[in-house]
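Participant: Please work out how this folds:
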Amino acid sequence: MNNIRYFTSLFCAIALLTGATSVAKEHAKIELTAKGKKLEANYTATLNSLSEEIKRELPAVDEAKLAAWKEALKAEEGPAKEAAVKAKVVAKMQAAAGKLRRLEENLKYAPTTISKANARLQRAKAMPDSDPDRAQALKSAESYLASRQKEYDALPGNIEKAKVVVREAKAGLPSAIKEAEAAKQVHKKAMAATWKAMDALGMSGVLGSDALDGKLSKYMVIKEATPCGLAEFAQQSSENVKLIQQLLANRDLMIQMLVADGSNSGKYGQAMKVYTDIQKASPRAKDGIFQKLALAVSLAHAVPITQRNAQNVKDVPELVDPVKRYLSYEKWYLDRELDQGFKDLSVWNLAMTVDGSDPDEIYAWGRKMLLNLRPDCIPNDGDTSVYVDAVDKEITYSSAGVKDDLPEVNFMQNILANGGICGRRAFFGRFILRAFGVPTTARKQPGHATLAHWHPDGWKTRLGGNWGRGARGYYSSMNRARSNQYGADVNFLASSQAREDATAFMRVKRAQWMGALVGEASKPGLITFSGKTRGPAKKKGTEIEKLLFWNELALYEQRRIIAGLDSERGKSSSTASVAAKEPAATGEVSVDDQSVITIPSAACSSPTESTKTLYHGGLVDHIVFVKNKSGDTLLHLSRYSAETDSFEYTFDAPKAGKYKLTANVVTPKPRQRLLASANGGGDVEIALPYTIGMWDKTAPVEIELKAGKNVLKFHGPARVTIKDFKLTLK
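Facilitator: Here you go, the predicted structure:
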């Protein structure tokens, strides 16, 4: 019994040291019943027995061969660095032409930018001296004009410099490519020597075989859950005891869980219960993508997730219902509402799709809202980064509007309406990705919140710097306590890349499990191509290196997978993608037999193309023509729209007289208006309803037309997507 207590304390201490602090503290407070103590003893005995059995089957490490492997790694460092430097030179040269094109496009729109900035300044100057907002408006307009003028003035010089760089790149690129290829081949030769020395260690057999998987997976599940944690869950009911028995008897299920980074906070019993409840609720949850989805939900929701409800909404669940979460995604998938890549996601990826805290109904709203408001932010070609474009296009980078959040409206709907700085924008980006079934996770940089997301070409970063930017950057996933195991975001990226070869990746996992078995500290998941590791600082001497043997081996196995995948990608031919042509004004005004005039929003006589201006070195949309999924072209006024952004329609009216004007609109923000005028007359205000991203009609306003040709003009500013206008003779 003393041994049992010792090992129980030891495993809880290990949980504390490996980052599961909250879990260990929770276990320390647990009062086990007599039944629970007996179960705990059984789980501990099983753990000890498995440990001894597996250790007997592990091959011994040959110190001489280990030293030879280390020497090979050291010899590889120089060629690796040289190859990286040469490749960077080529990449910079290849990017020169693209930079020049962007500068030239900026110059194209710069005059319009200055014109709009001047108009804004004139409006501020025209404000009455008695207006309390005049001084601030004037200061803001002057500052805006000065900034845009500075950008405009710098463009010609920057373009000339860019042309010189392009000419030099064009001349030097062939030799740079040749040098880079030569350096790459030298590195490949050195890398081959590393792999040869690594294979000579004699570990390939045990890492490539599944013979120990049953014992290793069972050992790891008990170790991560801890005997006290399993006992606490099992003692609650005989059904819970059976769930643990079923889990520990199911080799394949345990491996699936562990490869997906395990259960949230080590709660394997709770995950098994959620998994079983889902399979009872849906017959589909036992095979294929639905089985993986069910398991992902169970791992992510093993610790209940607090549901983020609207502040003033009553009688709603406090926690996300995991079974409902599964059933929602199952239905959305069957209804073809999710991203096309969803069907091929792994359990590991799916767990970062289903772990959001917003209600399922709000995810459904998010999809429908984007279809209505910004259909151009829904990709047709699998490019999942397009979903995140909605953040830059629709979420204002300012905290000034946060005070206007409505308590009866959901958090994400408030962000859409009122914007926010980096945190709220990143929240919304992850939300909209999850709404379409795209895996995503939080990614912090120093003083800044960004995100990372799954992409068919590999995980991408958005709303901040690229991978590795910021020494304090790290990967973390909301509501998954174990996710910080990766440390720096590049470690997470490396793991995501190696997982593309699921069979080879098992070698990585087996090595990590063996490391845990012999008491090694776990290491983050990246080895640089210079042959160095990123992770906990090593003490000097061979003893600590020997203790980290299996985890080092795991990371080098992972590196070998990534190198092989990179090599295969290099063989495949690729062609530069051609940017899709933006929609332009289209459609015709029609008149029915009741003299009702219907004007499609995209049937503009002016403008006939989307309008843009220069802003902080990039281009932003003002009036945008977008195609919806039915193929119709709609007009959208963006968050950058101003009073000077006007659009007009030229058409024939069958009769002169007063008409009721209505519009079919989608708005993301309350208290907005459009101003309309006919044939140069005075403005008529059209109040825009707050539709929260759904379609609705404006209240009718009166406007007078003449028989024959008319010009109907509108301007904002407003954030609105318009389907059509209707004019009905009174």
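Participant: For the rest of this, base every contact and every neighbour count on C-alpha atoms.
Facilitator: Noted.
Participant: after the helix or strand harbouring D566 comes which helix or strand?
Facilitator: In the assignment (DSSP states H and E), D566 maps to helix 549-571. Proceeding C-terminally, helix 549-571 gives way to strand 590-591 as the next helix or strand, assigned by DSSP H and E.
Participant: That following strand pairs with which strands, parallel or anti?
Facilitator: Strand pairing for strand 590-591, using DSSP bridges, gives strand 597-600 (antiparallel).
Participant: for the helix or strand that the strand it pairs with is followed by, packing partners?
Facilitator: For strand 597-600, the following helix or strand on the C-terminal side (DSSP H and E) is strand 612-615. Judged by 3 or more C-alpha pairs under 8 Å, 6 or more residues apart in numbering; DSSP states H and E, strand 612-615 is in contact with helix 63-126, strand 618-621.
Participant: can you redo these as JSON lines with mean pLDDT and mean neighbour count?
Facilitator: As requested, the helices and strands packed on strand 612-615 are exported to JSON lines (pLDDT from 0 to 100; neighbours: other C-alpha atoms under 10 Å):
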{"stretch": "helix 63-126", "mean pLDDT": "93", "mean neighbour count": "17"}
{"stretch": "strand 618-621", "mean pLDDT": "92", "mean neighbour count": "17"}
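Participant: Can you dump the C-alpha atoms of the helix or strand containing Y659 in PDB for me?
Facilitator: Using DSSP H and E, the element containing Y659 is strand 657-666. Extracted in PDB, the C-alpha atoms of strand 657-666 (Å, rounded to 0.1, in the frame of the first residue of the first chain):
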ATOM      1  CA  GLY A 657     -44.800  61.000 -60.400                       C
ATOM      2  CA  LYS A 658     -44.000  60.200 -56.800                       C
ATOM      3  CA  TYR A 659     -42.600  56.700 -56.200                       C
ATOM      4  CA  LYS A 660     -42.100  54.600 -53.000                       C
ATOM      5  CA  LEU A 661     -38.500  53.600 -52.900                       C
ATOM      6  CA  THR A 662     -37.400  50.500 -51.000                       C
ATOM      7  CA  ALA A 663     -34.200  48.500 -50.900                       C
ATOM      8  CA  ASN A 664     -33.400  44.900 -50.100                       C
ATOM      9  CA  VAL A 665     -30.400  45.100 -47.800                       C
ATOM     10  CA  VAL A 666     -28.000  43.300 -45.400                       C
END
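Participant: Next up, the contacts around E337.
Facilitator: When contacts are counted by C-alpha atoms under 8 Å, 6 or more residues apart in numbering, E337 touches 367, 436.
Participant: redo that, cut-off 10 Å
Facilitator: Contact analysis of E337 by C-alpha atoms under 10 Å, 6 or more residues apart in numbering lists 329, 331, 364, 367-368, 435-437.
Participant: and the protein, what are its domains?
Facilitator: Using automatic domain parsing, the domain ranges for the chain come out as 63-202, 494-570, 590-729.
Participant: Tell me how confident the model is about the helix holding D566, as a mean pLDDT.
Facilitator: The average pLDDT within helix 549-571 is 85.
Participant: Next, the angle from that helix to helix 63-126.
Facilitator: 60 degrees (axes from the mean of the first three to the mean of the last three C-alpha atoms, to 10 degrees).
Participant: buried residues in helix 549-571?
Facilitator: 549-563 (16 or more other C-alpha atoms under 10 Å).
Participant: Against which helices or strands is it packed?
Facilitator: Applying 3 or more C-alpha pairs under 10 Å, 6 or more residues apart in numbering; DSSP states H and E, one finds that helix 549-571 makes contact with helix 134-199, helix 204-208, helix 489-498, helix 502-517, helix 542-547.
Participant: And these: which comes nearest V589?
Facilitator: In terms of C-alpha to C-alpha, the element of the helices and strands packed on helix 549-571 nearest to V589 is helix 134-199, at 37.6 Å.
Participant: Just the angle for that closest one relative to helix 63-126, thanks.
Facilitator: 170 degrees.
Participant: I255 and S298: what is the separation?
Facilitator: According to C-alpha to C-alpha, to the nearest Å, I255 stands 15 Å off from S298.
Participant: Who has more neighbours out of those two?
Facilitator: S298 (31 against 21; other C-alpha atoms under 10 Å).
Participant: Just the angle for the helix or strand hosting T728 relative to strand 657-666, thanks.
Facilitator: Assessed by DSSP H and E, T728 sits inside strand 720-729. If you take the same axes, to 10 degrees, strand 720-729 sits at 160 degrees to strand 657-666.
Participant: Okay, now the sheet partners of strand 720-729, with direction.
Facilitator: Going by DSSP bridges, the partners of strand 720-729 are strand 597-600 (antiparallel), strand 633-637 (antiparallel), strand 657-666 (antiparallel).
Participant: got the CA coordinates for the shortest one in PDB?
Facilitator: Same thing as strand 597-600. Only the C-alpha atoms of strand 597-600 are listed here, as PDB (Å, rounded to 0.1, in the frame of the first residue of the first chain):
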ATOM      1  CA  ILE A 597     -39.300  49.500 -61.400                       C
ATOM      2  CA  THR A 598     -36.700  47.000 -60.200                       C
ATOM      3  CA  ILE A 599     -33.100  48.100 -60.100                       C
ATOM      4  CA  PRO A 600     -30.400  45.400 -59.400                       C
END
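Participant: Show residues contacting that strand.
Facilitator: Under C-alpha under 10 Å, 6+ apart, the answer for strand 597-600 is 585-592, 632-635, 649-654, 659, 661-664, 722-729.
Participant: ok, now the second one?
Facilitator: Applying C-alpha under 10 Å, 6+ apart, the contact partners of strand 633-637 are 372-375, 583-587, 600-604, 610-611, 621-628, 645-647, 665-667, 715-724.
Participant: of those, buried ones?
Facilitator: Judged by 16+ other C-alpha under 10 Å, buried ones among the contacts of strand 633-637: 372-375, 583-586, 600-604, 610-611, 621-628, 645-647, 665-667, 715-724.
Participant: Dump stretch 497-504 to PDB, restricted to CA.
Facilitator: Extracted in PDB, the C-alpha atoms of stretch 497-504 (Å, rounded to 0.1, in the frame of the first residue of the first chain):
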ATOM      1  CA  GLN A 497       3.700  19.300 -41.200                       C
ATOM      2  CA  ALA A 498       4.900  15.900 -40.000                       C
ATOM      3  CA  ARG A 499       1.300  14.700 -39.500                       C
ATOM      4  CA  GLU A 500       0.700  14.900 -43.200                       C
ATOM      5  CA  ASP A 501       2.400  11.400 -43.400                       C
ATOM      6  CA  ALA A 502       0.300   9.600 -40.800                       C
ATOM      7  CA  THR A 503       2.200   6.300 -41.000                       C
ATOM      8  CA  ALA A 504       5.600   7.900 -40.600                       C
END
